[in-house]
Structure formats: C-alpha cells, structure tokens
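[1] The following comprises the amino acid sequence and a computationally predicted model.
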Amino acid sequence: SPLQAPDTYLDRVGAAVTDPKRRIYAAMVIAQDDAIGRIMEALGALKLEENTLVCFISDNGGPVGERSNGSSNGTLRAGKGTVYEGGIRVPFVLRWKGALPGGTDYTQPVISLDLARTALAVAGGKEAEGRPMDGVNLIPFLKGGDSAAPHDALFWRHGGGASFAVRSGSMK
C-alpha cells in the first residue's frame with residue numbers, strides 16, 4: 001500500500017475502467033501477469049517446465065467497502081479479513097507440465113496448507129519425525145488416482161478467534 005502502477009500498465013488498462021482504484025488494480029494485475037509470463041518463459045528456455053511445480057494462490061479475498069482497493073470478489077459474500085466466501089475462497093492454480101493434466105478444473109476444496117505437503121512430496125522429502133504437518137499432498141488427487149475429497153473438513157479462524165468457519169462436505 002498504496003497501490004501503484006507505471007503509466008505503461010495504466011495505458012494497457014485503457015479507458016474502459018474509469019474507477020481510479022480499479023484502474024490501478026487492473027494495471028497491477030497486468031504487471032503481475034507479465035512477470036509470471038517471464039518466469040514461465042524462462043522455465044521453458046531452461047527446459048525445466050516438465051520438472052517444475054508452479055503454484056499460484058491468493059492469500060485472501062479482496063477488501064470491500066471503504067477499504068476496497070479496486071479488487072472484486074464478484075458474487076461472493078464479504079471479503080478480506082472475513083471467514084465468508086469472499087474472504088477465503090481464492091484462486092489456486094498448480095501447473096506441472098510433465099506430471100499434471102493441463103486445462104482441468106479440480107472442484108474439491110483445498111487449502112493453502114496443502115502446498116507445503118505437496119511440495120515436500122514432489123521433492124521426495126518426508127516430514128520431520130514428531131512434527132506432523134497440516135495439509136495433504138494434492139498430487140494423487142489431481143492426477144485422478146484418488147477420487148475422494150482431500151479433506152473431510154476445513155477450518156478457518158480470524159481476528160484471534162473472533163470468527164470461525166468450518167466446511168464439511170458441501171456444508172459451510
């Protein structure tokens with residue numbers, strides 16, 4: 001904070017986005033997309049695409065109301081700092097060209113805690129003895145080898161325990 005974007009990215013947003021905050025936010029998303037594209041190009045040039053698990057996840061939904069930064073949670077209720085869908089339902093993208101099928105949507109709920117377990121498994125590592133990790137290795141689920149949901153339930157809390165949420169199956 002504050003949100004900032006170079007004029008070159010603001011120009012790419014065009015005149016269609018008139019809200020100043022939304023315009024800067026859109027320019028920042030374009031800049032991020034360009035940067036991720038450069039990383040993906042470098043992986044391709046180094047012939048590492050098929051052996052590299054790329055993970056992209058947002059930390060939370062966008063702020064709403066007076067705190068809004070121009071982001072949008074669409075039709076999801078509330079936003080950043082809440083346990084409603086607009087605060088906890090976020091983009092989560094994995095790409096591992098040599099191992100995961102491309103162009104698929106996985107619709108079971110997962111959580112950011114799964115990333116550490118998944119990366120550890122991909123790297124051939126194991127948990128430290130006596131220090132169990134939260135999360136699950138998502139690779140068997142994403143490859144179709146395990147058709148069950150990765151989690152029976154997911155749990156969130158916010159504000160030092162002022163708000164809680166549980167998702168069990170399709171119920172939240």
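    Arrived safely, thanks for sending. Quick caveat, the model's predicted, so the values are computed rather than measured.
[2] When you work out contacts or count neighbours from here on, use the C-alpha atoms and nothing else.
    OK.
[3] Pull up the gap between the most centrally placed residue in the chain and residue 95, please.
    Central residue check for the chain by CA atoms, centre = their mean: the C-alpha nearest the mean position is that of residue 57, 1.8 Å away. For residue 57, the distance to residue 95 under the criterion CA to CA, to the nearest Å works out to 12 Å.
[4] Please apply the same query to residue 40.
    Taken as CA to CA, the span from residue 40 to residue 95 is 10 Å.
[5] Likewise for residue 89?
    Relative to residue 95, residue 89 is positioned 19 Å away (criterion: CA to CA).
[6] my read: residue 72 touches residue 78, true?
    No: here residue 72 does not reach residue 78: they are 10.2 Å apart, not a contact under CA atoms under 8 Å.
[7] Just the pLDDT for residue 57.
    The predicted structure scores residue 57 at 95 on the pLDDT scale.
[8] shouldn't it be in contact with residue 92?
    Yes: counting by CA under 8 Å, residue 57 sits close enough to residue 92 to count as a contact (4.4 Å).
[9] quick one: the strands in the protein?
    Secondary structure of the chain, counting by DSSP state E: strands at 54-57, 92-95, 153-158, 163-168.
[10] Could you dump these into CSV with distance to residue 29 added?
    CSV is the format used below for these (distance: least, CA to CA, whole Å):
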stretch, distance to residue 29
strand 54-57, 13
strand 92-95, 15
strand 153-158, 26
strand 163-168, 29
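[11] do you know which of those lies nearest residue 45?
    Proximity of the strands of the chain to residue 45 was assessed by CA to CA; the nearest stretch is strand 54-57, lying at 15.5 Å.
[12] Lovely, talk soon.
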